[in-house]
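Novice: Predicted model follows, preceded by the sequence.
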Amino acid sequence: MTVLIIGATGLLGSQCAQELVARGHTVRGLALPPVPEGALLPPMELTFGSYLDMTDGELSALMTGCEGLVFAAGVDERLEGKPPIYDFFVKYNNTPLRRLLAVAKATGVKHVAVCGSYFTHFAATRPEWDLARHPYIKSRLEQQELALSFAGPGFDVAVLGIPYIFGAQPGRKPVWTFLVKMLRRMPFATFYPDGGTAMITARQTGQALAGAVERNRGGQVYPLGWVNRSWRDMLTLFHQGMGVKRPVVTIPAGLFTVFAAFVVLGRKLRGVEGGLNLVRFATPMADRMYIDRALGAEPLGVTDDDIDAAILDSVRASVRALDKDAPMIGMKGE
């Protein structure tokens, strides 16, 4: 089939494109210029432009002849912005997706895969965390609902709950630069809560997106996760990638809340807001946000990959970005 990828030159979009091409599909891509220096892209028909600025007619022309659509663009919770930050997430993640899906359905697209967030899974399974109070998670829950509302006969929609993703793309600033920067400010030991997270590599995410286009029927949510790791194990690899040796000290949720309060106060003084209110997020951070492979990764055909190598690649690229050792394109909104 022919598949249009929104965000085709990004870390996830390019991995999805490579996977689709390897499976014999034809890929069209829409992306913002420029292409990251050194990025390895598969053969595709690439159009430069913003899905925010294009007319319905322009989007329809791109989708004509396509059976599949992948939305691998948007922004995540790591960005800060002027309050209410919720409006920022809706602008990039929700409002355009509603229009894209309407145009896709009218144009004859049959299969859609949307990059969402694994936080929606925990909003449903851990109601005591009240995750919908966080601007970013609220927007992702609403994005998931609107995406599934389009599903029906002849129009399949899959929303992928993306967890922590590791892997580096040449020429692009990794999302993990913020964490490496924070760790550098703790010279003697790393203090972190006693929790953990599900994670997956960028290559595996590309597999999941391609699998969703090929396999999903109806409207389905696929929480992704391949490896579940404690923060301690993850940060030990971060230290290795940074070239430092120091202990990871586990702190209770209450102490993390105090640290988080200073972060939130600092944001208020700077006139910005984060996608997650870290004070309210202390409890989930001190717990295990783990996901079974059987919920999403395995049904979508994800295969094994070296997560440790992907973490190290992400960290080392983040170090290069912070040290300005190579030209890199930053994240949207930075």
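Specialist: All right, it came through fine.
Novice: use CA for all of it now, contacts and neighbours both
Specialist: Noted.
Novice: Quick one: residues in contact with stretch 101-110.
Specialist: Surrounding stretch 101-110, the residues in contact under the criterion C-alpha atoms under 8 Å, 6 or more residues apart in numbering are 56, 59-60, 63-69, 147, 150, 154-156.
Novice: do stretch 65-85 as well
Specialist: By C-alpha under 8 Å, 6+ apart, the list of residues contacting stretch 65-85 from outside reads 1-8, 10, 12-13, 63, 88-89, 92-93, 97, 104, 108-115, 135-136, 175, 209, 213, 271-276, 332-334.
Novice: With respect to Ile307, which of the contacts of stretch 101-110 is nearest?
Specialist: Within the contacts of stretch 101-110, distances to Ile307 taken as C-alpha to C-alpha reach their minimum at Leu69, with 27.4 Å.
Novice: number of nearby residues for that closest one?
Specialist: For Leu69, the number of neighbouring residues by other C-alpha atoms under 10 Å comes to 27.
Novice: Now do the contacts for Arg316.
Specialist: Contacts for Arg316 were tallied using C-alpha under 8 Å, 6+ apart; they are Gly241, Met242.
Novice: Let's see that with 6 Å instead.
Specialist: With contacts defined as C-alpha atoms under 6 Å, 6 or more residues apart in numbering, the neighbours of Arg316 are Gly241.
Novice: And Gly116, by the same measure?
Specialist: Val159, Leu160, Gly161, Ile162.
Novice: in the stretch 1-150 of the chain, which spans are strands?
Specialist: Counting by DSSP state E, counting those that start in this stretch, one finds strands in the stretch 1-150 of the chain at the ranges 2-6, 26-31, 45-48, 68-71, 80-81, 111-117.
Novice: where among those strands is the average confidence lowest?
Specialist: Least confidently modelled of those is strand 80-81, at a mean of 92 by mean pLDDT.
Novice: Check which helices and strands the helix or strand hosting Phe259 sits against.
Specialist: Using DSSP states H and E, Phe259 sits in helix 253-270. The criterion is 3 or more C-alpha pairs under 6 Å, 6 or more residues apart in numbering; DSSP states H and E, and there are no helices or strands that helix 253-270 contacts.
Novice: Keeping just the C-alphas, turn the helix or strand encompassing Asp233 into PDB.
Specialist: Of the helices and strands defined by DSSP H and E, Asp233 is found in helix 231-242. Listed in PDB are the C-alpha atoms of helix 231-242, where the atom choice follows Å, rounded to 0.1, in the frame of the first residue of the first chain:
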ATOM      1  CA  TRP A 231      15.000   4.300  37.300                       C
ATOM      2  CA  ARG A 232      18.100   3.000  39.000                       C
ATOM      3  CA  ASP A 233      19.000   0.700  36.200                       C
ATOM      4  CA  MET A 234      18.200   3.300  33.500                       C
ATOM      5  CA  LEU A 235      20.200   6.000  35.200                       C
ATOM      6  CA  THR A 236      23.200   3.700  35.700                       C
ATOM      7  CA  LEU A 237      23.300   3.400  31.900                       C
ATOM      8  CA  PHE A 238      22.900   7.200  31.600                       C
ATOM      9  CA  HIS A 239      26.000   7.600  33.800                       C
ATOM     10  CA  GLN A 240      27.900   5.200  31.600                       C
ATOM     11  CA  GLY A 241      26.900   7.100  28.500                       C
ATOM     12  CA  MET A 242      27.900  10.400  30.100                       C
END
